[in-house]
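**Student:** okay, sequence plus prediction incoming.
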Amino acid sequence: MSTPAYDVVVVGGGIVGLATAHAVARTGRSVAVVEREPRLAEHQTGHNSNVIHSGLYYAPGGLKARLAVAGCAETVAFCREHDLPHEVCGKLVVATEADELPRMAELVRRGAANGVEVHELDRAGMRRHEPHVRGIAALHVPSTGVTDYRAIAEKLGELVGKEGGEVHLGRTVTRIVRRAADVVVRTSRGDLLGTQVVVCGGLRCDELAIASGADPGIRIVPFRGEYSGFSDRAAALVRGLIYPVPDPAFPFLGVHATRGIDGHVHAGPNAVLALAREGYSWGAISPGEFLSTVSYPGTLRIARRHWRYGFGEMRRSLSRKAMVKQIQRMLPDVAASDLHPAGAGVRAQAVKPDGTLVDDFLFVGQGSGEGSVLHVLNAPSPAATAALPIGREILERLTGDRIAPLGVSA
Ligand SMILES: Cc1cc2nc3c(=O)[nH]c(=O)nc-3n(C[C@H](O)[C@H](O)[C@H](O)COP(=O)(O)OP(=O)(O)OC[C@H]3O[C@@H](n4cnc5c(N)ncnc54)[C@H](O)[C@@H]3O)c2cc1C
């Protein structure tokens with residue numbers, strides 16, 4: 001039997017891989033997605049805050065800014081078109097201390113530069129949106145929303161199939177071999193051929209780059225983000241989305257309270273070093289992966305620079321009392337007894353050997369045209385929001401083809 005061949009093979013059945021495959025399929029090219037797990041969206045895409053980000057935070061001119069702003073509108077349009085759960089509820093970013101006000105002013109500047117509508121609120125304005133919030137000032141961002149990214153990913157997988165593409169589940173990619181006119185994708189269940197290959201491997205993207213003969217120049221350091229569910233009493237204190245002003249030293253947005261699309265309220269995610277790439281709890285340990293993470297020079301440098309923050313996050317992870325203190329900064333009426341564990345996700349954060357946490361999305365190509373491979377090496381938040389424009393961006397980088405955003409004008 002001959003090896004199945006496609007114009008494009010996409011490695012990884014998370015939302016970025018699926019959005020890429022969908023963009024490729026829309027142009028009439030043949031495409032196959034290869035996913036290791038028996039189900040789509042089993043990692044970052046299925047374990048996140050499910051927030052449709054507005055594009056407020058990101059450095060103007062960067063990929064995150066451009067693709068998140070476009071993705072915010074496109075995600076809502078996609079959900080509308082396919083009748084998927086979503087709500088554009090808006091959000092508050094709350095300053096609780098005076099020293100946060102300059103950082104809040106910077107967010108207003110970034111919002112304006114990125115074309116995101118932002119309203120500055122005093123205490124009274126803030127309380128009109130969220131009566132139980134404590135703070136000295138807030139920003140209201142009307143375009144932020146909530147959705148279910150697993151449902152979006154599954155819909156994208158279904159559309160890829162309808163457009164003539166294939167989705168192969170339970171098939172692990174072990175090597176990627178470039179040749180003059182195509183690329184061999186070796187998997188646990190036989191080879192596939194792609195004229196071009198895109199690797200969207202999330203927590204394993206650096207390993208896959210090495211398996212493809214590339215030097216990724218970064219290492220994925222897995223940071224677990226844990227959520228605390230609110231009791232009904234505490235949930236009644238939250239109408240929508242309540243965020244702190246983020247610390248610019250980290251690419252994480254800080255522990256926030258979110259009323260999800262299912263109506264449940266949770267706080268999180270924190271950020272602790274995971275003990276395995278897919279380390280969803282303290283008990284999920286891979287000694288080999290952990291040793292490899294902690295002996296990486298980039299991890300050691302992060303630990304040296306941010307040990308105080310790291311210990312604080314660990315304390316909050318292990319103690320409900322410590323966690324509730326963080327939440328009480330914005331929601332003073334929440335008590336430790338209101339919180340219960342509500343799952344976790346693991347972020348695939350690219351880190352350079354000098355300890356820099358890569359902030360922007362990172363796409364690295366091996367070659368161009370036939371026989372080329374494109375690696376997505378950093379797609380943390382807001383890449384779920386930005387996935388549809390990321391898919392179109394990758395298509396353009398592969399083929400030069402530009403396709404229209406999905407449903408935005410509809
Ligand atoms: C705690 C947390 C909260 C977040 N909150 C938000 C949010 O509110 N809004 C937002 O926009 N973003 C959020 N994000 C970010 C968002 O979830 C990610 O940016 C997005 O899901 C990345 O998608 P992906 O397809 O790149 O990765 P993934 O969803 O991780 O998919 C990668 C896939 O590759 C597969 N794979 C790996 N190795 C192989 C192999 N060898 N062979 C075959 N397949 C392989 C994996 O099994 C996986 O399915 C959050 C992330 C986390 C962790």
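**Tutor:** Here it is on my side, so go on. Numbering: from 1, shown residues only.

**Student:** give the contact list for the closest residue to L377 other than its chain neighbours.
**Tutor:** Leaving aside its chain neighbours, L377 sits nearest to L362 (4.4 Å; criterion: Cβ to Cβ, 6 or more residues apart in numbering). C-beta here means a position set from N, CA and C on the backbone, and glycine is covered the same way. Residues in contact with L362 (Cβ atoms under 8 Å, 6 or more residues apart in numbering) are 218, 350, 376-379.

**Student:** show me what L362 is bridged to.
**Tutor:** N378 (DSSP bridges).

**Student:** against H168, how distant is it?
**Tutor:** 26 Å (Cβ to Cβ, to the nearest Å).

**Student:** check D148 too.
**Tutor:** Separation of D148 from H168 (Cβ to Cβ): 24 Å.

**Student:** what do you get for Y149?
**Tutor:** Going from Y149 to H168 by Cβ to Cβ gives 21 Å.

**Student:** more neighbours: which of these two?
**Tutor:** Counted by other Cβ atoms under 10 Å, Y149 and H168 do not tie: Y149 has more neighbours, with 25 against 18.

**Student:** residues of the stretch 101-250 of the chain that sit close to the ligand?
**Tutor:** Within the stretch 101-250 of the chain, the positions near the ligand by Cβ under 6 Å from any ligand atom are 172-173, 200-204, 208, 225.

**Student:** again, but for the stretch 301-410 of the chain
**Tutor:** Counting by Cβ under 6 Å from any ligand atom, the stretch 301-410 of the chain sits next to the ligand at 345-347, 379-385.

**Student:** how about the helices in the stretch 201-350 of the chain?
**Tutor:** 205-210, 232-235, 287-294, 297-318, 320-328 (DSSP state H, counting those that start in this stretch).

**Student:** save those as TSV, and put in mean neighbour count and mean pLDDT too.
**Tutor:** Output for the helices of the stretch 201-350 of the chain, formatted as TSV (neighbours: other Cβ atoms under 10 Å; pLDDT from 0 to 100):
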stretch	mean neighbour count	mean pLDDT
helix 205-210	21	98
helix 232-235	15	97
helix 287-294	14	94
helix 297-318	15	85
helix 320-328	17	88
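
**Student:** what packs against the helix or strand of the chain with the lowest mean pLDDT?
**Tutor:** Least confident helix or strand of the chain, by mean pLDDT, DSSP states H and E, is helix 297-318 with a mean of 85. Using 3 or more Cβ pairs under 8 Å, 6 or more residues apart in numbering; DSSP states H and E as the contact criterion, the elements in contact with helix 297-318 are strand 219-230, strand 272-273, helix 287-294, helix 320-328, strand 339-351.

**Student:** repeat the analysis, applying 6 Å as the threshold.
**Tutor:** strand 219-230, strand 272-273, helix 320-328 (3 or more Cβ pairs under 6 Å, 6 or more residues apart in numbering; DSSP states H and E).

**Student:** could I get these as a markdown table with distance to E81?
**Tutor:** A markdown table is the format used below for the helices and strands packed on helix 297-318 (distance: least, Cβ to Cβ, whole Å):
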| stretch | distance to E81 |
| --- | --- |
| strand 219-230 | 29 |
| strand 272-273 | 38 |
| helix 320-328 | 36 |
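
**Student:** to V245, which of the ones you listed lies closest?
**Tutor:** helix 320-328 (13.4 Å; Cβ to Cβ).

**Student:** so how far is that closest one off the chain centroid?
**Tutor:** Distance, stretch centre to chain centre, for helix 320-328: 25 Å (Cα atoms, centre = their mean, to the nearest Å).

**Student:** could you export that helix as CSV, CA atoms only?
**Tutor:** C-alpha atoms of helix 320-328 as CSV (Å, rounded to 0.1, in the frame of the first residue of the first chain):
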residue,chain,number,x,y,z
ARG,A,320,-6.6,27.5,50.3
LYS,A,321,-6.1,30.3,52.9
ALA,A,322,-3.2,31.8,50.9
MET,A,323,-5.2,31.5,47.7
VAL,A,324,-8.2,33.3,49.1
LYS,A,325,-6.1,36.2,50.3
GLN,A,326,-5.2,36.8,46.6
ILE,A,327,-8.9,36.7,45.6
GLN,A,328,-9.9,38.9,48.5
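
**Student:** hmm, who's touching that helix?
**Tutor:** Helix 320-328 has contacts (Cβ atoms under 6 Å, 6 or more residues apart in numbering) with 228, 255, 267, 315-316, 334, 336, 339.
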